[in-house]
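>>> Okay, predicted coordinates and the sequence, questions at the end:
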Amino acid sequence: MGTSLPPVIVGLDNGGTMNNATVLDLVTGQFLVEHMLERPSRVREGPEVAIEALASSFGQVLDLTGVPRGAVRAVGLDTPGPASADGVLSSRGGTNLGGGWGGFNIRAALEHRLSLPVVYTNDANAAALYAHHARFGPDAARHSSVAVIVGTGLGGGVVESGHVVSGAAGMAGELGHVQIPLEGLLEDGQPVPACNCGLAGDVESFASLSGIERSLLPYWLTRFPGHPLGEVQPADKAAKLVRGYGEAGDPLARAIFGQQAKALGRLFSIAAMFTDPGTYFVGGGVVEADPAFRGWFLERVREHTTLRAEQARVVEFILVPDLDRAGARGAALAARSAVDQRA
Ligand SMILES: [Zn+2]
């Protein structure tokens, strides 16, 4: 059994509340699931229950697509980070999944449960890889890109010649914790924002929901006394409302997003000197915002990215497409890369 079946890879995206699954046909390069295939991830109930939930997502996606189990070459798995390159969740990052996860090797546990090779990718790297392949299709191997995903934190990914750069310890593409020059970025008297990772003035300390909550909103409220967001409690609720104000053109919200765009531009200026990518992707909550607002945001990022004339002529700035499917699809693409490299 197996040799005559068209081979596939199953992609599983493990999230804080839901799992999402897809199937990648290795012969055609097409995904066999068009819509979202979601089931509860049950990660709050601990690793054992969550592994069973992943196994049931795996079974469901095979049933739905009619693909026999013997056709599955490998499984791509992504989770919220941080984790090692081999899928051991960091004790500091366990907070994304709830208690009981620190030090747990989710990749090995799923591999054991399914008796199939499982390739692990963090969620931001998966999104970066999916964005790259969605943009370039069969030409993916001839292009390079860098992606930032602005969410609660700031995730990222670097894709070189179609493959995600994972690094020696799996920490390549941790773009949120790159420190950026602050001169001209901070307003006079504005405190330097601090990141959850312990660094001050890194990209995530500006360009993330937690950056808005901890630093940017408290500061900008002092510049806009009487703003209605000053009355909203608790602080995380106020932070989530800033985007809606931004879409409506509110000056305080535009100042906050403008500062985030500037921070991303400074990160991309560093990327331009490091790997000189052809495509700069921006994803996350802002992608779900109304088109005029996300266009405004992307244009600010481009404006604040310092490029040489030769680069400015050839690069593009674009938004990460359909982010909700990007995890499962990117995880499948990462597994395909790993299978190709082993072959
Ligand atoms: Zn940081």
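Ah, there it is.

>>> quick one, helices of the stretch 101-250 of the chain?
Using DSSP state H, counting those that start in this stretch, the helices of the stretch 101-250 of the chain run over 106-114, 123-136, 203-206, 209-211, 217-223, 235-247.

>>> which one of those lies closest to Val33?
For Val33, the closest of the helices of the stretch 101-250 of the chain is helix 123-136, at 13.4 Å, according to CB to CB. Quick note: C-beta positions are derived from backbone N, CA and C, even for glycine.

>>> Check which helices and strands that closest one sits against.
Packing contacts for helix 123-136, counted by 3 or more CB pairs under 8 Å, 6 or more residues apart in numbering; DSSP states H and E, involve strand 72-79, strand 145-150, strand 154-160, strand 163-164, strand 279-284, helix 323-342.

>>> before we move on, back to that, could you export the helices of the stretch 101-250 of the chain as TSV, including distance to Phe274?
Formatted as TSV, the helices of the stretch 101-250 of the chain follow (distance: least, CB to CB, whole Å):
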stretch	distance to Phe274
helix 106-114	28
helix 123-136	15
helix 203-206	14
helix 209-211	23
helix 217-223	30
helix 235-247	30
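
>>> Relative to Ile318, which of those helices is closest?
Nearest of the helices of the stretch 101-250 of the chain (CB to CB): helix 123-136, 6.9 Å.

>>> that older thread, where among the helices and strands packed on helix 123-136 is average confidence lowest?
Confidence, taken as mean pLDDT, is least for helix 323-342 of the helices and strands packed on helix 123-136 (a mean of 90).

>>> could I have it exported to CSV, CA atoms only?
Output of helix 323-342 as CSV, limited to C-alpha atoms (Å, rounded to 0.1, in the frame of the first residue of the first chain):
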residue,chain,number,x,y,z
LEU,A,323,-4.3,34.8,7.0
ASP,A,324,-6.8,32.4,8.6
ARG,A,325,-5.8,29.6,6.2
ALA,A,326,-2.1,30.5,6.2
GLY,A,327,-1.1,28.4,9.2
ALA,A,328,-2.2,25.0,8.0
ARG,A,329,-1.1,25.7,4.4
GLY,A,330,2.3,27.1,5.5
ALA,A,331,2.8,24.1,7.8
ALA,A,332,2.1,21.8,4.8
LEU,A,333,4.5,23.7,2.6
ALA,A,334,7.2,23.6,5.3
ALA,A,335,6.8,19.8,5.5
ARG,A,336,7.0,19.5,1.7
SER,A,337,10.4,21.4,1.8
ALA,A,338,11.6,19.1,4.5
VAL,A,339,10.5,16.0,2.6
ASP,A,340,12.2,17.3,-0.6
GLN,A,341,15.4,18.0,1.2
ARG,A,342,15.5,14.5,2.7
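
>>> most neighbours per residue, which of the helices and strands packed on helix 123-136?
Of the helices and strands packed on helix 123-136, the one with the most neighbours on average (mean count of other CB atoms under 10 Å) is strand 145-150, at a mean of 29.

>>> Report the inter-axis angle for that one versus strand 154-160.
Per axes from the mean of the first three to the mean of the last three CA atoms, to 10 degrees, the angle that strand 145-150 makes with strand 154-160 is 170 degrees.
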